[in-house]
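Q: Need the 3D shape of this:
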Amino acid sequence: MIASLIDILKQKTQLTTTAITNIVQLIEEGNTIPFIARYRKEMTWWASDSELREFEEVYLYQQKLAKRKEEILKLLEEKEVSTTELVAAIHKATTLSELEDIYRPFKDKKNTRATKAIARWLQPLADILLTCDISTQEFNTLAETFIKDTWDEKTSVASCEDAIDGAKDIVAEIVAEDPKLRAILKDDQSTTLRLQTKARKHLEEHSVYDIYKAYDKTLDTIPSYAYLAISRAEKEKQLRAKCIFNEARSLSQAKTIFIPQPATNLQEILVEALEDGIHRLLHPSLEREFRSQKKEQADREAIDVFGKNVQELLLWSPVMWKNILWFDPAFRTWCKLAVIDMQGSYLDSSVIYPTAPLNKVEEAEKILCWLINTYDIGLICIWNGTASRESEQFVATCIKKHGLDTKYIIVSEAGASVYSASVLANEEYPDLDVTIRGAINIAQRVQDPLATYVKIDPKSLWVGQYQHDVDQKLLKEQLEKKIEDTVNKVWIHINTASWTLLQHIAGLTNTTAKNIVAWKWENGSFTSRSQIKKVKWLGPKAFEQCAWFLRVENPKEPLDTTWIHPESYSITYTILEKETEISKKQLSLPYIFTSSKSISELASTYDIWEETLEDIIAELANPGLDPRTAFDESGYKSDVLQFEDVEIGMQLHGVVRNIVDFWVFVDIGLKNDALLHKSQCGKRVEHLFDVFSIGQQLDVYVDTIDTQRKRIWLRLSASKISLPTPPSPKKRILPQRKVTPKTQASSEYRMWWNISFS
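A: Numbering: from 1, shown residues only. The predicted model follows:
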C-alpha cells in the first residue's frame, strides 16, 4: 500500500497510521467489519463498527479512484495524447469528479456542433481565433479560404459566416470542457448557486408540493428532505427547477483563461464564443453535476436516517416465552384471529364480529375467551389498521370483564401484506392463506423482531423518508451493511434461525445460510460450534468470521454458550486451570473469575491482549447477554376512536413509528400518524435520534389540527419525557505505537495498556 493512500485515509478518517495499516490488512484478508469490530479491537484502536464502516467507504472510494486513474492513463496512451503534464494532473486528482474533468476533453463525443465543425476541417480556424494574433478583417479573409463544396453537407462550408460560426462552436466546446475553468467555477459558485422552482400548470390544488412552488435558496443550504421532495415533484411534472448561475462572473473567469494578454484583435468574436460555451454547454453541464452531487448527498442522508430507523426496529425488544393471539380488526367484514405459539408456529384461527354494523359483541367475547384460555395466550397483538381503536376497546373491556390474565398491544402492519404474498412466505407456509401468513408475520415480529423483519424488504417497513426516490443500488448496499451490523450485535440461535436471518451473519452468504438449514434437516440440531465446519461450502475463513455470532443450545462445549470466539477457547481454559484450578469438565456458567493478579499481569503472563481477556472474563460472568432491552408491556389508552374526536390541547398516548430529520411520526391510533416537530419537544433537541427511538411510547398533546388534510401536529409535555443533552464528544488521543507480534511483546509494550485515556 502506497504511502499517499495511507496519508489520505489518515486525513479522512482521523485514525492513526498503525490502525489504518492494520484495518486495510484485515479487510484484504477477507475479514468482515463485525468480526474486526469485535475481535480485532486492539489492532483497530477500538474503532466501532460505524467507524469501521466509514473507513471502509473511504478506502473503497480510494480504490475506485486509483482504478479509474489507471483506466484513463491507458486510454490516453491508446489515443496517443498522453503528456507529462497530463499524467501528473491525473496522479494529483483527489476526486472522481476532478479526474473526469481532466479526461473530459479527450472523451469520444457524440454528434455535437463542435464535432460537425471539426469534420468540416475548421479546427485550424478555431485555433487562430483562440490566439487573437490577427485582426478581424484578416480573420474574415482567412475564413473565406475554408469555403468549399464537397457535395456533402456534413463536410461542406457554405460561406465565410458559416466557417466563423463553426470555429466559434469548436471554441465553445473547448471552453465548456476546460478542467481549469470548471474547477474555478465549481469552487467559486458552489456556495452561491441558487435553485429556483416554479409551479407547472399541472400542479394539483392543495398539493404536498405547495411550499416548494416558489422556492429560491442556495443549493448547498437546501435540506435533503426538501431537495428530494423537489426532485419527486419534477418527476411528477408538478414543478420546474433550475439553477441560477452568475453569468457575468463565469464570463469574467473564462476571459482570464482564454483571452491572451495583451490582446486587441478578435476579442469580440472570441467573447461571443466564450458566452455561447458558458451559457449553452458549461452551465448546463455544471448544473447536472451540482444537482447530481446534491442528490447523492440527499440520498445518503435519507438512507442514513432510514438505516438508523431500521436498526431501531430490528433491535426492538422481543416478547419471549408467550403464546400470542393476532387480532386483525375490521368494519363490515369479520375480524380475523390467529394463534401463534411461543416458537412462532401457527396453531389456530377464527373470526368474530364485535364491530359495526353487526356488533356481535357477546359471541365475539365467547370466542376470544375460549382462545385465550385454551392456548394460554400471554399477549394479544392488534393490527393498527381500520377499526383498531374500536377493536382495542373491545379487547380491553373483555379482558377486564372476564378477568383474563393477558395483555394487549397495537402493532404496525407495515410490510405484512408484502411478506404474505412473497415467494418466501409461500415457501414457509405453503398451505396457509395469505391473510394467515400476514397474521403469523405480525405476531412473530413481536416475538422476535430481528428474525422477522429481515424477511421483509426494508422499503416496505415505512420507517424512512423518500426511500423510493433515493439511489436504489446505494440504498440496498447501505441497508445490507446496517442490517449485517445489527444482526451481529444479537446472538443468533443456529438451531432455530431461518436462512433469511443467517445470511446476514458475518462470513455467511445466501448459499451457506441455506446449507446450514439443510444440514440441520439432514443431521439434526447442532450440538457444538465446531460442527458448523461440516456444512457444505463453509470454509475455515467463513467459520472464523461467523462462529462467535452463533449460539448452540445445551452444547457439549461450555464456551459455545458465550460470545468467546473458538480461537480463544484454548487460552481461556489455560487461564482457568492455572489461575483458579477449574478444568473444562468442572466449568459451570455463569462463572465469576477472580485473581490476585491484575489484568495487565495476566495478559502479559499468557500473551493475550488485555481487551480480549477483559471480554473473556465478562462473558464467563454473563454468558450470551442479549443487548436488547426487556419488553415494555404497557398498553395504549383508549382516548381516541376517530379523527373527529381529536381536540386541540387533548392529551394522547402514542408510539413512535418513524423518525426523520425534523419530524417524529407518532401513532395515536388513527389511520395517519400524527407529527411531532423537533421544535415542539419542550427544549432544544439537536438530533431527534438522541431522544427518540422506534417503538418508544409517549404522552403528547395536540397542538394543531388540519381538518382538510386530516393531519394532526403534536407537542410534547416536557414533564413526560426526559430529553437528555448529548455529551460533548471528546476526541480520543492515542499514542503512536508499532504493533508487534504477541510472541515478541516486551514488558515495556505491556505497560502501554495501563495508559488511561480521557
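
Q: you'd agree residue 324 is up against residue 340?
A: Yes - A contact is recorded between residue 324 and residue 340 when judged using Cβ atoms under 8 Å, the distance being 4.8 Å. No exception for glycine: its C-beta is placed from N, CA and C like everyone else's.

Q: Need the overlap of contacts for the two.
A: Contact with both residue 324 and residue 340 is made by residues 443, 447, according to Cβ atoms under 8 Å, 6 or more residues apart in numbering.

Q: Tell me if residue 195 really is in a helix.
A: No - read with DSSP: H, G, I helix; E, B strand; the rest coil, residue 195 is strand and lies in no helix.

Q: what's the closest non-adjacent residue to it?
A: Taking Cβ to Cβ, 6 or more residues apart in numbering, and ignoring the residues beside it in sequence, residue 195 has residue 219 as its nearest neighbour in space, at 4.8 Å.

Q: Repeat that for residue 390.
A: With Cβ to Cβ, 6+ apart as the measure, residue 355 is the residue that lies nearest to residue 390, at 5.0 Å, once sequence neighbours are left out.

Q: Which secondary structure state does that neighbour sit in?
A: Using three-state DSSP as the criterion, the local structure at residue 355 reads coil.

Q: since we're on residue 470, how many residues are nearby?
A: Residues near residue 470, counting by other Cβ atoms under 10 Å, number 25.

Q: Which of the helices or strands spans it?
A: Here residue 470, judged by DSSP states H and E, is contained in no helix and no strand.

Q: With residue 699 instead?
A: strand 697-706.

Q: Relative to that strand, what are the paired strands and their orientations?
A: Using DSSP bridges, the strands paired with strand 697-706 in its sheet are strand 651-659 (antiparallel), strand 711-716 (antiparallel).

Q: Run through who's touching that strand.
A: Under the criterion Cβ under 8 Å, 6+ apart, residues 632, 634, 646-656, 666, 668, 674, 676, 680, 711-717, 720-721 lie in contact with strand 697-706.

Q: how does it look with 6 Å?
A: Residues lying outside strand 697-706 but in contact with it, judged by Cβ atoms under 6 Å, 6 or more residues apart in numbering, are 646, 648, 650-655, 712-717, 720.

Q: cool, stretch 74-87 as well?
A: With Cβ under 6 Å, 6+ apart, stretch 74-87 has contacts from residue 106.

Q: My read is that the residue nearest to residue 195 contacts residue 197, right?
A: No - contact status for residue 219 versus residue 197: not in contact, 11.8 Å apart, counting by Cβ atoms under 6 Å.

Q: Next, the residue lying closest to residue 445 once chain neighbours are set aside: phi, psi?
A: For residue 445, the nearest residue in space outside its immediate sequence neighbours is residue 452; the separation is 4.1 Å by Cβ to Cβ, 6+ apart. In terms of degrees, to the nearest 10, the main-chain angles of residue 452 are phi -90, psi -40.

Q: just checking, residue 452 touches residue 444?
A: Yes - Residue 452 is within contact range of residue 444, at 4.4 Å (criterion: Cβ under 6 Å).

Q: Residue 47 and residue 272: what is the separation?
A: From residue 47 over to residue 272 the distance is 57 Å, taken as Cβ to Cβ, to the nearest Å.

Q: And for the residue nearest to residue 390, the neighbour number?
A: That count, for residue 355 with other Cβ under 10 Å as the rule, works out to 23.

Q: Ok, residue 444 next?
A: 24.

Q: give the contact list for it.
A: For residue 444, counting by Cβ under 6 Å, 6+ apart, the contacting residues are 344, 452.

Q: Helix or strand: which one has it?
A: Of the helices and strands defined by DSSP H and E, residue 444 is found in helix 434-447.

Q: Enumerate the positions of that helix that are buried.
A: Along helix 434-447, these residues count as buried under the neighbour rule (16 or more other Cβ atoms under 10 Å): 434, 436-447.

Q: Can I get it in CSV, CA atoms only?
A: Listed in CSV are the C-alpha atoms of helix 434-447, where the atom choice follows Å, rounded to 0.1, in the frame of the first residue of the first chain:
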residue,chain,number,x,y,z
VAL,A,434,-52.1,-15.1,2.6
THR,A,435,-54.1,-13.5,5.4
ILE,A,436,-52.9,-16.1,7.9
ARG,A,437,-49.4,-15.7,6.7
GLY,A,438,-49.6,-11.9,7.4
ALA,A,439,-51.0,-12.7,10.8
ILE,A,440,-48.1,-15.0,11.6
ASN,A,441,-45.6,-12.4,10.4
ILE,A,442,-47.1,-9.7,12.6
ALA,A,443,-47.2,-12.0,15.7
GLN,A,444,-43.7,-13.2,15.1
ARG,A,445,-42.4,-9.6,14.8
VAL,A,446,-43.5,-9.2,18.4
GLN,A,447,-41.9,-12.4,19.5
